[in-house]
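**Q** Make a model of this:
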Amino acid sequence: MNTASGLDDMTTRIKTQCPSCQVYFELNAELPELLQRPSTQMRCAHCQHNFLVNEHLVVSANDDSLNNTVTPDDSAHSDNNWLEELLSKHNSHHDKPLGHAQAQSADQSASQSTPYLTQPVLPANKVDKALSNQYLYQDLAQRNLAQDRVPRYVAQDDETRSGHYDDGPQSVAILLWSAGCLVLTLSLFAQYIIFNLNTLIKDPDYAARLEAVCVIAACRLPSADLDAFVISDPVFRASKIKAATAYSDVQATLSNQSAETQLVPSLRVSIYGSDALVGEFIALPEDYLMTRQSQLSANYSQPFMFTIPLTRQQIDRITIEPIY
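**A** Below you'll find the model as predicted:
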């Protein structure tokens with residue numbers, strides 16, 4: 001009786017659990033050889049679901065474990081305790097040779113294994129192989145757990161390092177971006193000044209600011225002094241360019257009496273008849289100069305002429321003054 005109870009304790013049962021309906025099935029004695037194949041599959045007799053056996057194995061030391069639910073969250077510590085207990089029992093029974101009656105009882109237990117997936121009992125002569133498979137399962141489970149933890153630590157370390165080193169390149173990028181924006185703004189401002197210099201310099205306020213900048217930058221701006229100009233010898237006559245019955249030509253001389261080059265001004269022309277002002281207009285430099293020019297040299301006189309749509313008899317006098 002004692003030998004039979006020892007054999008029952010020594011018997012290790014390997015079960016698998018259907019992941020669909022959660023039903024447990026005991027595996028037959030020959031199956032551990034197939035468990036070394038990762039692709040071994042079984043069909044659940046309850047719900048007809050196919051699943052990988054190696055991913056849903058449960059190993060227990062007695063029949064009472066059939067009522068206990070084993071999940072992937074069971075700790076490795078409890079599995080190690082069970083193995084130590086099973087190994088101690090296994091070694092103690094191997095130290096004592098079995099009698100004829102005990103061997104016959106063990107053989108009878110092994111021969112009474114039920115068919116595949118019908119809860120067979122693992123015979124005593126398969127215990128060593130089952131234990132080796134159990135060690136293999138535990139080793140694989142521990143490796144999977146370690147591989148699952150390592151990426152988390154590596155990801156956290158990468159995040160820590162990236163957070164520590166990202167400040168430098170980001171600060172440099174912001175600095176370079178700000179410097180580029182500043183250079184671009186200054187470049188656009190300089191281009192605006194250059195292309196509109198002749199217009200800006202005619203405004204006294206802008207002229208004063210530009211002069212202050214040129215004092216610092218050691219540059220020279222053209223002068224725009226209206227007091228330096230004198231318009232002399234204004235005359236008008238019947239047009240020789242267009243029909244004399246409808247047009248008149250106005251001639252005069254624009255003189256720069258200063259020692260500096262001046263920007264060519266526009267002209268405000270006022271035409272008076274016998275009674276009052278007949279008309280007034282502004283002539284731009286391209287309207288009254290024969291050649292296109294923007295500056296008038298120092299101490300230089302430039303004659304000019306333009307045509308107006310009035311007859312000679314309608315004009316009594318004409319006044320011309322330079323303006324910017």
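**Q** State the number of residues packed around residue 53.
**A** By other Cβ atoms under 10 Å, the residues close to residue 53 number 20. The way it works is simple: take the backbone N, C-alpha and C, and place the C-beta from them, glycine included.
**Q** Any idea how far apart the tips of stretch 258-272 sit?
**A** 31 Å (Cα to Cα, to the nearest Å).
**Q** Domain parsing of the chain, as residue ranges.
**A** As given by automatic domain parsing, the domain ranges for the chain are 2-154, 226-323.
**Q** Would you mind checking which of those domains scores lowest on average pLDDT?
**A** Note on those: domain 2-154 shows the lowest mean pLDDT, a mean of 58.
**Q** tell me which residues in stretch 297-311 are buried?
**A** Within stretch 297-311, the residues scored as buried using 16 or more other Cβ atoms under 10 Å are 302, 304, 306, 308, 310.
**Q** what about the second one, distance to residue 235?
**A** Using Cβ to Cβ, to the nearest Å, one obtains 12 Å as the distance from residue 304 to residue 235.
**Q** Could you tell me which residues touch both of the two?
**A** 251, 252 (Cβ atoms under 8 Å, 6 or more residues apart in numbering).
**Q** For residue 208, which three-state class applies?
**A** helix (DSSP: H, G, I helix; E, B strand; the rest coil).
**Q** how many neighbours does it have?
**A** 9.
**Q** again with residue 227
**A** 9.
**Q** now swap in residue 248 and tell me
**A** By other Cβ under 10 Å, 22 other residues sit near residue 248.
**Q** And it, its phi and psi?
**A** Note on residue 248: backbone dihedrals following degrees, to the nearest 10 are phi -140, psi 150.
**Q** which residues does it bridge with?
**A** residue 238, residue 308 (DSSP bridges).
**Q** show me what contacts it?
**A** For residue 248, the contact set (Cβ under 8 Å, 6+ apart) comprises 236, 237, 238, 239, 307, 308, 310, 311, 312, 315.
**Q** and those residues as CSV, adding distance to residue 201?
**A** Shown next, in CSV, are the contacts of residue 248 (distance: Cβ to Cβ, whole Å):
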residue, distance to residue 201
236, 32
237, 36
238, 39
239, 35
307, 30
308, 30
310, 34
311, 39
312, 38
315, 34
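**Q** looking at it, residue 308 is touching residue 250, isn't it?
**A** Yes - checked against Cβ atoms under 8 Å, the pair residue 308 and residue 250 is within contact range at 6.1 Å.
**Q** what residues are shared contacts of these two?
**A** 236, 269.
**Q** now the helices: where do they sit in this protein?
**A** Using DSSP state H, the helices of the chain run over 2-10, 31-35, 76-95, 100-111, 127-165, 167-195, 197-200, 204-217, 285-288.
**Q** Run through the neighbouring helices and strands of the last one.
**A** What that stands for is helix 285-288. strand 300-308 (3 or more Cβ pairs under 8 Å, 6 or more residues apart in numbering; DSSP states H and E).
**Q** got the CA positions of the strand it packs on in PDB?
**A** What follows is strand 300-308, C-alpha atoms only, in PDB (Å, rounded to 0.1, in the frame of the first residue of the first chain):
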ATOM      1  CA  TYR A 300      25.200 122.200 -63.700                       C
ATOM      2  CA  SER A 301      22.300 123.500 -65.800                       C
ATOM      3  CA  GLN A 302      19.900 121.300 -67.600                       C
ATOM      4  CA  PRO A 303      17.500 122.800 -70.200                       C
ATOM      5  CA  PHE A 304      14.100 121.100 -70.500                       C
ATOM      6  CA  MET A 305      10.900 121.300 -72.500                       C
ATOM      7  CA  PHE A 306       7.300 119.800 -72.400                       C
ATOM      8  CA  THR A 307       4.100 120.300 -74.400                       C
ATOM      9  CA  ILE A 308       0.800 121.300 -72.900                       C
END
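**Q** which outside residues touch that strand?
**A** For strand 300-308, contacts defined as Cβ under 8 Å, 6+ apart pick out 236, 239, 241-242, 247-256, 264, 267, 269, 271, 279, 283, 287-290, 296.
**Q** same thing with stretch 49-57?
**A** In this structure, residues lying in contact with stretch 49-57 by Cβ under 8 Å, 6+ apart are 14-21, 27, 31, 34-35, 37-44, 137.
**Q** Over to stretch 273-282?
**A** Contact with stretch 273-282 is made by 266-272, 308, 310, 314-316, 323, as judged by Cβ under 8 Å, 6+ apart.
**Q** now swap in stretch 283-293 and tell me
**A** In this structure, residues lying in contact with stretch 283-293 by Cβ under 8 Å, 6+ apart are 264, 265, 266, 267, 269, 294, 302, 304, 305, 306.
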